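Trainee: what's the 3D shape of this:
(one chain, ligands or ions: 1)
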Amino acid sequence: MTAVVWFRDDLRVGDNPALTAAMARGTRVVAVYVLDEVSPGVRPLGGAARWWLHQSLQSLRASLERIGVPLVLRRGAAEAVLPAVATEAAADAVFWNRRYGRAERTVDAALKLGLRAAGLHVQSHAASLLYEPWTLMTGAGQPYSVFTPFWRRASSMPEPRRPLPAPERPAGSLQSAAVQSPPVQSEPLDSWGLQPSAPDWAGGLRAAWRPGEQGALDLLAEFLDEKLPLYPEQRDEPAEDVTSRLSPALRWGEISPHTVWHETMRVRAAAASGRIGSEGAASTFLRQLGWREFAAHVSFHAPDLHRVNWRREFDAFEWPPLDQGALTAWQRGQTGVPLVDAGMRELWATGTMHNRVRMVVASYLSKNLLIDWRHGEEWFWQTLVDADAASNPFNWQWVAGSGADAAPYFRVFNPVLQQQKFDPHGSYVRRHVPEWGTPEYPEPLVDLGESRRAALAAYDRVKHAKYSAPAPA
Ligand SMILES: Cc1cc2nc3c(=O)[nH]c(=O)nc-3n(C[C@H](O)[C@H](O)[C@H](O)COP(=O)(O)OP(=O)(O)OC[C@H]3O[C@@H](n4cnc5c(N)ncnc54)[C@H](O)[C@@H]3O)c2cc1C
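Mentor: Next comes the predicted model:
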């Protein structure tokens, strides 16, 4: 007997309910990761995400080996690949942790039916969110559209379950089972071409990150030990390194939100007796995790979030024809606005950008340059190591004004004031834009005041538009 564990956005062995359940049977366990870029509606990964995935799979393979579980890599439509692997492995059971995108759920539902019809035991588990998106609803049974009541409701629920320990290698039995069972062919990871080669642009990513479960656990420990007390005061300052940097690890499931939650609560409880301020700091930090939950909730109930305005009245917004030159200048960090350019260059070099600066560059693109937020969302999708199918479009729409609980459209971030407030000494800007203040630095692409007024005028035309859903065909 063999159990197959299908890994997806849960590239870890600790607190992995599907893996734990499979190991608990005491039979042989085979892990599989399917690179599925062909199933309808599944969004192909961006370049930085592909780089991360390569490193993370290497790390997962090593962790699984230590508990006697081989990792099989296959490429193709999951609906065909997974049953094939189950057959090759002579499996009688398949386990996975749930995912929440519509296309992914369609694939998973079809597989569950098909595998069960073929006589296999199929079990799915909750692992990637503290609250599955359908478990928190308003009193009227509707999805939440405002963060504060959503988080209040979440906070009134029983505490998220405790993380599960990493399963251990069972003594003896697995080896003999493995010898008797057919080996399952795996594709070489290198053959997937996830890493850039010509040119190799990933040097900055390698320098900035250590993908994999151990790297994530170390980041969390370092954050809780050293940075948490500073977090409430300094988390908006991009020059300071006081945020957790856990977003790619959470995106790929190298660490579970349950682990982050309970470790933070443990530190909070320990600090309550001594270190002043940690209780509030812990709540501030966990509230950010709440935004991740809220983005997943909103996206679950509005699955085309990267394409469709959440507030449909924004469909009437008349974006001017795309100015490709302006978009390219923004992407390359050549707008002549120091904070925007610093952010965009940080993104290109390291695969991330500080949250405050993400808001500023998104506002600049969608309002000062009047470029449709979807172009910015797509660029982030390609370049962020934490590119997330829910959080990325959710936040873009939040800044653009078309999203759930969004900043009102007329809130145009002024990048000069934002720099004065959050990078007053210019340390962050200078780190990424060394030629700032020299003749080599470009002139501003647009006048901030004029472009702001033009954006507000465009918004005025849509402000009173009412969305009426298209009549059914
Ligand atoms: C335009 C735009 C696009 C974004 N795209 C993404 C994305 O693709 N993936 C992504 O994970 N985050 C995205 N964010 C949210 C946020 O910028 C990052 O999560 C954060 O900068 C990650 O740094 P950190 O891990 O040090 O955060 P911390 O401050 O340490 O926060 C802890 C965790 O909370 C979560 N979190 C914090 N803020 C948010 C938020 N606003 N929305 C959702 N989750 C949040 C993240 O998982 C983060 O790791 C985006 C924000 C903006 C404005």
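
Trainee: how long is stretch 266-282 end to end?
Mentor: Across stretch 266-282, the terminal residues are separated by 10 Å (CA to CA, to the nearest Å).

Trainee: In this structure, which helix is the longest?
Mentor: Longest helix in the chain, counting residues (DSSP state H): helix 278-301.

Trainee: what packs against that one?
Mentor: Packed against helix 278-301 by the contact rule (3 or more CB pairs under 8 Å, 6 or more residues apart in numbering; DSSP states H and E) you find helix 147-156, helix 231-234, helix 257-272, helix 391-400. No exception for glycine: its C-beta is placed from N, CA and C like everyone else's.

Trainee: residue ranges of the strands in the stretch 51-200 of the chain, please?
Mentor: 71-75, 93-97, 121-125 (DSSP state E, counting those that start in this stretch).

Trainee: Mean pLDDT and distance to the ligand added to those, as CSV?
Mentor: Shown next, in CSV, are the strands of the stretch 51-200 of the chain (pLDDT from 0 to 100; distance: least, CB to the nearest ligand atom, whole Å):
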stretch, mean pLDDT, distance to the ligand
strand 71-75, 98, 24
strand 93-97, 98, 17
strand 121-125, 98, 20
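
Trainee: Of those strands, which is nearest residue 19?
Mentor: Among these, strand 93-97 comes nearest to residue 19, with 7.3 Å by CB to CB.

Trainee: which residues sit against that closest one?
Mentor: 1-10, 16-19, 21-22, 25, 27, 82, 86, 108, 115, 120-128, 253 (CB atoms under 8 Å, 6 or more residues apart in numbering).

Trainee: Contact distance from the ligand - what residues of the stretch 351-473 of the chain qualify?
Mentor: Residues of the stretch 351-473 of the chain found near the ligand (CB under 6 Å from any ligand atom) are 355, 358-359, 362, 380, 384, 386-388, 391-392, 395-396, 399.

Trainee: Within range of the ligand, give me the residues from the stretch 201-350 of the chain.
Mentor: 235, 243-247, 250-251, 288-289, 291-292, 295.

Trainee: same thing but at 5 Å, please
Mentor: Residues of the stretch 201-350 of the chain that fall close to the ligand, judged by CB under 5 Å from any ligand atom: 243, 244, 245, 246, 247, 250, 288, 289, 291, 292, 295.

Trainee: thinking again about what came up before, now, of the helices and strands packed on helix 278-301, which is deepest in the fold?
Mentor: Comparing these by mean neighbour count (mean count of other CB atoms under 10 Å), helix 391-400 comes out on top with a mean of 25.

Trainee: Quick check: which ranges of the stretch 51-200 of the chain have low pLDDT?
Mentor: Under the criterion pLDDT under 70, the flagged ranges of the stretch 51-200 of the chain are 172-182.

Trainee: Okay, helices next: where are they in it?
Mentor: Assigned by DSSP state H, counting those that start in this stretch, the stretch 51-200 of the chain shows helices spanning 78-88, 102-117, 147-156, 173-180.

Trainee: Now do the strand or helix carrying residue 222: everything it contacts.
Mentor: Using DSSP states H and E, residue 222 sits in helix 213-222. By CB under 8 Å, 6+ apart, the surrounding residues in contact with helix 213-222 are 11-14, 59-60, 63, 209-210, 244-246, 249, 254-255, 259-260, 263.
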